[in-house]
Each structure stands twice: as C-alpha cells, then as structure tokens.
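S.K.: Provide a 3D model corresponding to the input given below.
(chains A and B)
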Amino acid sequence: MPEPLPETADVPSSRAVEAGVQTLTLETTPPIPVVVEKSATKKLGIVGWIAIIWIVTIVGSAIFASLLWIPRPDQKFLALAGDGPSLAHPFGLDSIGQDMLSRVVYGARASLLVSVASVLFGLVFGGILGLIAGYYRGRIDTLLSYTFNVFLAIPQLVLALALVAVFASDPAVTVGKRELWLVIAIGLVSIPIIGRITRAATLAWSQREFVLAARSMGAKNRRIIVRDVLPNVLPAMFSISLLGIAVVIVLEGGLSILGVGVPTSTPSWGNLIATGRNELTKIVGAAPQVIFAPSIVIFITVLSLNYLGDVVRARFDVRDSAL
Amino acid sequence: MRAVIQRLVQLVVVLLLVTAFTALLLDLVPGDVTNSLAPVSTPAQRQELRHELKLDRPFLTRYADWVNGVAHGDLGCYYGTSGYTSAKTCPDKVADRVKDALPVSLTLMFYAQLLALVIAIPLGVATAYRAGSLFDKGVNTLAFGLLAIPNFVLGLVLAYYVGVKLNWVDPTGYVDFGQDPVAHFQQLALPVISLAVGQVAVYMRLLRSDMIATLQEDFVTMARAKGLSPARILWRHALRPSSLTLLTVAGLNVGALIGGAVVIENIFVIHGMGFLIADAIVRRQYVALQSYVAILALGYVAVNFLVDILYAVLDPRIRHARAVA
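M.R.: As a prediction, this is how the structure comes out:
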C-alpha cells in the first residue's frame, strides 16, 4: 500500500522537527532559484478540471443513482449473462446477468461513503491530536508523537483487518454495521498518519510572528489554535484528505478481497472486484469486464484524487514560501 | 553507544505497547474461540476447553504468560481441541509456521524492493538531470499513473492475462529457490511485479525531487567547475546525499511489506506472513496473531533503527554533526 504522503514520511523524531524549523527560518532569506516546475502544478489546468468533473460525476451519480436511466444493480438479464460491453449495457454484464454499469454506479455509494466517512473520522481525531501536539509541544507532544509511532509500527491493513474481522466478521452482521466498523477501523488507522502531518504543519505555523502577536495581545491558546493556526494548517489537511480518500478506496478493495469489506449484498467497488475474481479463474467463458469495470473506475478516481491532492499541496507550498 | 542503548530500550517498549494493545483488542472481542473449535459441545465442555486453553484466566495473566513465553523463545501454540498445556506437547506450534512463512515473505519483499529500486534509481537520477524536459515529463506522468493502480488490481490482471490466458506461469503457489530456481522466479514474477510497480513510482519521484535540490548545492557547482563528467557528478557526488528520503521510505516499506503484502499473498496463494495473519484473524487464533504482530512490529522498528544508522554512513554532514555533539 503506498504511503499517502511519502514526502512527509518518517524522518525519525527530533531531526524532522529541526529540519522543519530550519526551512522555516531559511525562508525569510531569498530562496535559491531552483528549477521548480511548481507554476505548472499551481494552476488547476485542463487535467485538474477533468479530474474535478470526474469526481463530481462519480459523486453525483452515486447520490442520484436511483434517478438515473440504468437498471437496478440486482436486476438480472439472464439471456445476456456474461456478455461483453454493448450499447444497452456499456460495461457488460456479470455471470449472472447483472448490469455492470449499474453495479459500479451503485457501488460508488458504499465505496465513497466508507472512504469519506473514515477520512473524516481520522481527520477530526488526528487533526485535533496533531494540533495539540504541535501547538503545546513539550511533554504532551512527546507522548502523542510516541503513540503515533507505536501505532504506525502495526501495518495499517493488518490492524484494519483485525478490527473489522474481530468486531463485524459474523455473516449475520448487517450491512450498516459492517460499514460502520469499516469506517471506525480505517478511521482509527488513519489517525496517526493524519495526526503526524497536522502536527508537523502546526509546529511550523505556531512559531510564526502572527501567533506571537496574538499571544502578546493576550489571546487564549484555544483561540490562537482555532483562529490563527488552524486556517493555515487546513490546506495541508485538505490535501491529505483527498489523498486519504483515494487510499481508503483502495484499502476497502483489499479488505474485500480478504473477505471483510462491504458485504456483497450491497455492491462496492471493492467487493465487485473481489466477487469478480472467481470469474478470472475460469478457463472458458470468463467475463473479464466484471474486474475491469470497477478497476478502471477505481483507477481514474484515485488518479483524479491524487492529482487534486497534489495541486492543493503545491498551492499551499507556494503560499507558505511566498510569506 | 548511549544512543544505541536508548534505541534498544525504545524498541522493547514499542514492542510491549504494540502487543499489549493487540492483546487488549482481542480480549474485547465478542464471541469465543471455543465455539468454532468445538461447534457441537455443551457449555460445560466449552468451559473445560476454555480452562485447558487458559482462556479463563484474567487478561493480564495471559498477557504476562505470553510475554514470558516469547522472552524464552516460545511463540505460543495454535488453539486446538486437544488443549494446549506447554510448548512441548503443542501439536501446532506458532514457531513452526513462522519458520516456514517468514523466509517466503522476506524473499517476496526483497525481490519487490530490489526490482523497484533498480528501476527507480536510474529513472530518478535521469529525470532530475533532465528536469523539465519532455523525457522528465513523460516519466513523471507515467509514474503518476502507476501510483493510482491498486496492487491487487494489477495482481489480478497479471494473473488473468499472463497466468490464465497466455498460460506462461502458474498464477498461484510458491516454489523454493533450492527446490527449482527456474520455477522459483516464474512463480514469484507476478506477485513481485504487482508489489514493485507502485513502489517504483514512489521511489522515483522521491529521488528526483531530492536530487534536484542537491544539484543546486555548491559542491555540485564545484565538481562541475573541476570539469568532472555529468555521469560522475550524478552518480558519485549527488546520489548519496540525495538518497536519504528514499532510504527512509524504502526502510518503512520493508517493514510494512512483510505483513502488508497480505492481499497479494492471498491472490497468488503464497503462504507468507500476510497469509498466516489473515488466516489467524479469521480463525481467531489470538495467541498466534499476537506473536505475528510482534514479529512485524519488531521488523518495522528494527529496520527504522538500521535506516537511522545508515543515514550517518550516507551523509558525512550528519556523521560529523554527531561527532561534534
């Protein structure tokens, strides 16, 4: 599983802090002219717009799936079972005659619901902890950073797998309950990642002059965090959430393959691939579209989210160094 | 030396915390392993089995037992209906499974990292040297695309086309190198590629951005002024100081991949650590799971520790800063 933000990955402990502080003080001197191609990524550009249009389409069709002119996801066209793409069924049909386009569109509901909810979960808790650690520093920072590192020593997929398997693997468990546990499990494993990124950004921002100014005017810590630090840290958090949603979409797929994703009674991109997997082992009459339709949709969605996340990050960097 | 001891203490603390957390989590689980071990049994029989498996003891006692066992090299025993008294009489030792699975996982991880680095390092250096060129843009776009392919999708597609359609290799299973070297590489080719592709993109992008920064440094200008060839500057002077982030992330990935290849091991039916873990979770083999998590965490922390030492080897500035301090 790719790290959501490889650039900020663990440079162990205190050195990262020093480095962060150092770049900050260096930035007041004119920067060395680097061959930076940031101007290229700073603007949204045509690719950015395509990415936005794709995301809006996916989200829109997921919300309004029942209003769209597509069959129900469980409607069976038995005569056409296993057929490839056609005009009436652009993504083809699976081996029991269900329309793949419809399944992918309805699958977006579960996939997006789980990924957005779990990233929000991680964002709220990881964000708060990161802000506290980065702003107050000292003992509480040591404690929180240490906890983050301990949790990062358990592979995320294993931890999420254990949580879901342990609390919601019973076949009798309802779809809603399984989804809830997926959200909690994935949200929990994302807390240390988001927490550390928020902490690093907070650490840098809370040493700026305007924070000192606010403090000298007698502002309370909580007010400074909410009014002065948080708005500056938000772009970094927004960027990591876009990347995070992409990671979770993939993670849900991995969990589905291991049998603990969204239950197959409700289509999700992950469980479509997981179910379609058996199709590929057929020597004769395999219908590869059952894998390809959801895979391609996952690919384009992840690509779009990664791109937009990068654009946000580039913008945020530019703003940071322009000060 | 003090730093080393400090890190070792830290390592032990992290391991204790991680395993204690796992144990606590598993203790909270609703349901009971005896239900699946002996589906047809009276409550009294189950109670007896629980007693034999020492599951009726308080949480802390069981955790202390486990820690004590691990400290003496006993990783525990799979629960079975015959009950588990000591490692000597255990029919299904966790240690035996680890002995089989760990080399498989390490091999898979080693090949995947090797392949990723062998492709990513030259690409990273070349794109940094030609930053902004058409070649650079092309490679970057490609890498960006590769990043968005989930490894299980790649795995399934490869298994389907190369394994089933073309029938070049058997898409499942694992053959030991000593047994049959050719089959060994054939079997591992697809899972290794599935794991490596995403890493190539990550590593290449990391190295490229660090390398671009290094190429702005005075010592590179100096080397250029001396009239050294670009190849020598790139490979001898600039690569080493640029490889720190790459090294860190690669190190983290080594730790993560030992267990994080769960899905790929599952798709290609490779009985590595990931496979064992998924199996232990599904079968509620908690003692085993605890030991596996401990092994993974140990690997992760140990690799981080090594990376930290390598830092100093790679960058003389860090080495000297430490010597001064």
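
S.K.: Could you pull up the residues touching B:A297?
M.R.: Contact analysis of B:A297 by Cβ atoms under 8 Å, 6 or more residues apart in numbering or on different chains lists A:153-154, B:14-15, B:18-19. Bear in mind the C-beta positions are built from the backbone N, C-alpha and C, glycine included.

S.K.: try 6 Å this time
M.R.: A:153, B:15, B:18 (Cβ atoms under 6 Å, 6 or more residues apart in numbering or on different chains).

S.K.: For the residues you listed, give me CSV that also has distance to B:F144.
M.R.: Below are the contacts of B:A297 laid out as CSV (distance: Cβ to Cβ, whole Å):
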residue, distance to B:F144
A:A153, 29
B:L15, 37
B:V18, 34
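
S.K.: which among these gets closest to B:M109?
M.R.: Checking these against B:M109 by Cβ to Cβ gives A:A153 as the nearest, at 16.3 Å.

S.K.: if I look at the closest one, how far off is B:K165?
M.R.: Counting by Cβ to Cβ, to the nearest Å, the gap from A:A153 to B:K165 is 41 Å.

S.K.: Compare these two (neighbour count), which wins?
M.R.: A:A153 (22 against 13; other Cβ atoms under 10 Å in any protein chain shown).

S.K.: Give me the phi and psi for that one.
M.R.: The phi/psi pair for A:A153 (degrees, to the nearest 10) reads phi -80, psi -10.

S.K.: Next one: it, what pLDDT does it get?
M.R.: Among the per-residue scores, A:A153 holds a pLDDT of 74.

S.K.: The one 10 residues further on too?
M.R.: Reading off the confidence values, A:L163 has pLDDT 81.

S.K.: give me every residue that touches it.
M.R.: Residues counted as contacts of A:L163 (Cβ under 6 Å, 6+ apart) are A:A185.

S.K.: Could you say whether it sits in a helix, a strand or coil?
M.R.: At A:L163 the chain is in helix, as set by DSSP: H, G, I helix; E, B strand; the rest coil.

S.K.: For it, give its distance to B:T22.
M.R.: Taking Cβ to Cβ, one finds A:L163 at 11 Å from B:T22.

S.K.: Show me which residues of the stretch 201-325 of chain B sit near chain A.
M.R.: The interface of the stretch 201-325 of chain B toward chain A, taken as Cβ under 6 Å from any Cβ of the partner chain, is made up of B:202, B:206, B:216, B:248-249, B:252, B:256, B:259-260, B:262-263, B:277-278, B:281, B:297, B:300-301, B:308.

S.K.: Throw together a ChimeraX command that grabs the buried residues out of those.
M.R.: Of these, the buried ones go into a single ChimeraX selection, burial set by 16 or more other Cβ atoms under 10 Å in any protein chain shown:
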select /B:202,206,248,249,252,256,259,260,262,263,277,278,281,297,300,301,308
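
S.K.: ok but A:W69 is inside a helix, no?
M.R.: No - A:W69 is assigned coil when assessed by three-state DSSP, not a helix.

S.K.: Tell me where the stretch 101-250 of chain A has strands.
M.R.: Counting by DSSP state E, counting those that start in this stretch, the stretch 101-250 of chain A has no strands at all.

S.K.: Would you mind listing what in it touches chain B?
M.R.: Taking Cβ under 6 Å from any Cβ as the measure of proximity, the stretch 101-250 of chain A contacts chain B at A:150, A:153-155, A:157-158, A:161-162, A:165-166, A:250.

S.K.: Return the closest of the residues you listed with respect to B:H72.
M.R.: Looking across these and measuring by Cβ to Cβ, the closest to B:H72 is A:A153, at 23.0 Å.

S.K.: In contact with the closest one, which residues?
M.R.: Contacts of A:A153 were listed using Cβ under 6 Å, 6+ apart, and they are B:14, B:18, B:297, B:300-301.

S.K.: go with 10 Å
M.R.: By Cβ atoms under 10 Å, 6 or more residues apart in numbering or on different chains, A:A153 lies in contact with A:192, B:11, B:14-15, B:17-18, B:255-256, B:293, B:296-301, B:304.

S.K.: residue ranges with poor pLDDT in the stretch 1-150 of chain B?
M.R.: Scanning the stretch 1-150 of chain B for pLDDT under 70 picks out B:1, B:3, B:29-36, B:38-40, B:80-89.

S.K.: Helices of that one, start to end?
M.R.: According to DSSP state H, counting those that start in this stretch, the stretch 1-150 of chain B carries its helices in the segments B:2-27, B:33-37, B:43-52, B:59-71, B:94-129, B:134-147.

S.K.: Pull out the buried residues from the fifth one.
M.R.: Which is helix B:94-129. Using 16+ other Cβ under 10 Å as the test for burial, helix B:94-129 gives B:94, B:97-98, B:101-102, B:104-109, B:111-113, B:115-117, B:119-121, B:123-129.

S.K.: Now narrow these to whatever sits close to chain A.
M.R.: Cross-checking these against chain A (Cβ under 10 Å from any Cβ of the partner chain) gives B:A128 as the overlapping residues.

S.K.: Stretch A:82-94: how far from the chain's middle?
M.R.: How far stretch A:82-94 lies from its chain's middle: 30 Å, per Cα atoms, centre = their mean, to the nearest Å.

S.K.: What are the buried residues along it?
M.R.: A:82-83, A:89, A:91-94.

S.K.: Using CSV, lay out those together with pLDDT, distance to chain B and secondary structure.
M.R.: Listed next are these as CSV, based on pLDDT from 0 to 100; distance: Cβ to the nearest Cβ, whole Å; DSSP: H, G, I helix; E, B strand; the rest coil:
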residue, pLDDT, distance to chain B, secondary structure
A:G82, 73, 15, coil
A:D83, 76, 18, coil
A:H89, 82, 21, coil
A:F91, 83, 16, coil
A:G92, 82, 15, coil
A:L93, 82, 18, strand
A:D94, 81, 15, coil
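
S.K.: Most widely separated two among these?
M.R.: Maximum distance among these (Cβ to Cβ): 12.9 Å, for A:G82 and A:F91.

S.K.: who's in contact with the closest residue in space to A:T266 that isn't next to it in sequence?
M.R.: Closest residue in space to A:T266, ignoring its immediate chain neighbours: A:V175 at 4.8 Å, by Cβ to Cβ, 6 or more residues apart in numbering or on different chains. By Cβ under 10 Å, 6+ apart, the contact set of A:V175 is A:110, A:262-266, A:268.
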